[in-house]
Every structure is written in C-alpha cells, then in structure tokens.
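Visitor: task: produce atomic coordinates for the following.
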Amino acid sequence: MLYIGFSNYSSKCYANILCKKYKHCAPVIINKKDVIIYQFIRINKVAKILVQKNDIKKLERHGWTFVKIASHTRETLAEHCLTCVQFTKKMCGIKNITIQTPLALFNYLNRK
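Guide: You can find the predicted model right below:
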C-alpha cells in the first residue's frame, strides 16, 4: 500500500520560499512487516528510511499529513527528478505536468 506524506517543514531554502502550506512530500510504502519512507534528497539521491508503523503516528503529531493511494508503480529511481514532487509523481504514475508543488499534489490526490 502506498501513502504520500506531506510535511509543512523543509530544510530546503527554495521550498520554504515557493511552497505555501506543505513544503515537502515523500512516498511511504507500508507492507505487512515494514514501512519504508522514500526521502528525496537531490537529483539521483533518494534515501530509503525504514521505520515502524508506530512512527507514522508520531510523524502525524509533528505536522505530517498522509494520503492513501490505492495502487502504485514499482520503485523508481530519482533520475531526471528535480524535486520531491516530481519524484513522488513518478512513484505514483501521475503524468500531470501542472502539478509542481506539494500543495498542488495534495489537492490533486484528494480530488480523486
């Protein structure tokens, strides 16, 4: 199962300037035994963070919002992705080019 996590904090300078409500997004894959957060760092660099299911609740208490996606594509590389939104769209199989910020992606996913 795929969840998309949205955070209202980012350490990136351009994200704090350009993005309004949500500053960062990350795909989260939840299997029966583990949870993997794909943290986009920069071009061609994605960190896989292994966490427990209880840590998702902790992230929600610290300002993260999660949206459930019914299906997802396989794991993808971060090649040709400049932002976390582009990486997340690639992971979800979304090809809408008008989605460029985490808030636009959040609104798109909640309309479906």
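
Visitor: centre-most residue in the protein?
Guide: In the chain, the C-alpha nearest the mean C-alpha coordinate belongs to Ala26, at 1.9 Å (Cα atoms, centre = their mean).

Visitor: which residues touch that one?
Guide: Counting by Cβ atoms under 8 Å, 6 or more residues apart in numbering, Ala26 touches 4-5, 7, 37-40, 84, 88. (C-beta placed from N, C-alpha, C; glycine too.)

Visitor: so which of those is the closest to Asn110?
Guide: Nearest to Asn110 out of the contacts of Ala26 is Ile4 (Cβ to Cβ; 10.5 Å).

Visitor: quick check: the closest one touching Ala70?
Guide: No. Using Cβ atoms under 8 Å as the test, Ile4 is too far from Ala70 to be in contact (11.9 Å).

Visitor: which other helices and strands contact the helix or strand containing Glu60?
Guide: Assigned by DSSP states H and E, Glu60 belongs to helix 53-61. Under the contact definition 3 or more Cβ pairs under 8 Å, 6 or more residues apart in numbering; DSSP states H and E, helix 53-61 sits against strand 24-30, strand 35-42, strand 65-69.

Visitor: re the thing from before, any idea how far the residue nearest to the centre of the chain is from Thr101?
Guide: Taking Cβ to Cβ, to the nearest Å as the measure, Ala26 falls 14 Å from Thr101.

Visitor: likewise Lys21?
Guide: On the measure of Cβ to Cβ, Lys21 and Thr101 end up 9 Å apart.
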